[in-house]
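>>> Quick one: sequence and predicted model below, then my questions.
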Amino acid sequence: MKIPELFITGSLSLRKERNEEVNRLKRFRFLEHTADAYVAAYGSTLEEAFENAAYATFEVMTDVRKIKPKIEESIDVEGHDEQSLLYNWLEALLVRFDTAYMLYSHFKIHKIEKMKEGYRLTAKIRGELYNSEKHPQKVGVKAVTYHRMEIVKKPKQVTLRFILDI
């Protein structure tokens, strides 16, 4: 079964909906996968692609547009390579949801730096506590996987592909 690209619904004007759809599709899209959520996240930099990967992860779980950026938190993540950094970044966000019931809608990665032994990501994330009356439940994400994970860097575009176990 093919998972369709993101469709925008709501009471906004058709023109505004189309603009939002275009902007969101530039950020990420869902790829074909039989059982899990297979995501391609895009950015003009590695940092922007990581931000959009986080956004897509929360879009799998709920309508991110309904998450207000009320609470700001700092997050630091490390990985031995860029793929493990992506895995650890998304996993850290899922752990915050599982343990503190936080949903996030704004992600600002200040830097991804290569260190002597691996990589480090420093970011600010903003969101609010999960509220079942406000945040429609889509699909629960159990984990990030390394299966089919890839990072493709081209001039002016980075594409991250990864699977979320749902």
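Perfect, thanks for sending it.

>>> and the residue nearest to the spatial centre of the chain, helix, strand or coil?
With distances taken as Cα atoms, centre = their mean, Ala54 lies nearest the centre of the chain, 1.9 Å away. Following DSSP: H, G, I helix; E, B strand; the rest coil, we place Ala54 in the helix state.

>>> what residues are up against the closest residue to it other than its chain neighbours?
Nearest residue to Ala54 in three dimensions, chain neighbours excluded: Phe107, at 4.5 Å (Cβ to Cβ, 6 or more residues apart in numbering). Backbone N, C-alpha and C define where each C-beta goes, glycine included. Shown in contact with Phe107 (Cβ atoms under 8 Å, 6 or more residues apart in numbering): 50-51, 54-55, 123-126.

>>> Phe107 belongs to a strand?
Yes - assessed by three-state DSSP, Phe107 belongs to a strand.

>>> Please enumerate the helices of the chain.
Taking DSSP state H to define them, one finds helices in the chain at 14-27, 46-61, 82-100.

>>> how about a markdown table for those helices, with distance to Lys70 and mean pLDDT added?
Formatted as a markdown table, the helices of the chain follow (distance: least, Cβ to Cβ, whole Å; pLDDT from 0 to 100):
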| stretch | distance to Lys70 | mean pLDDT |
| --- | --- | --- |
| helix 14-27 | 21 | 47 |
| helix 46-61 | 15 | 97 |
| helix 82-100 | 13 | 98 |
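
>>> I'd like to know how far the residue of the chain positioned farthest from its centre sits from Glu47.
Distance to the chain centre peaks in the chain at Lys116, reaching 27.1 Å (criterion: Cα atoms, centre = their mean). With distances taken as Cβ to Cβ, to the nearest Å, Lys116 is found 20 Å from Glu47.

>>> same thing with Leu86?
Taken as Cβ to Cβ, the span from Leu86 to Glu47 is 12 Å.

>>> cool, Gln157 as well?
From Gln157 over to Glu47 (counting by Cβ to Cβ), the distance is 13 Å.

>>> Comparing the two, which residue is more hemmed in?
The residue with more neighbours, out of Gln157 and Glu47, is Glu47; 19 against 13, by other Cβ atoms under 10 Å.

>>> and the more buried one, what does it touch?
Contacts for Glu47 (Cβ under 8 Å, 6+ apart) come out as 109-112.

>>> any idea how far Glu128 is from it?
Glu47 sits 23 Å away from Glu128, going by Cβ to Cβ.

>>> and if you look at Leu164?
Leu164 is 21 Å from Glu128, where distance means Cβ to Cβ.

>>> Of these two, give the one with the bigger neighbour count.
Taking neighbours as other Cβ under 10 Å, Leu164 and Glu128 compare with Leu164 leading, 24 against 18.
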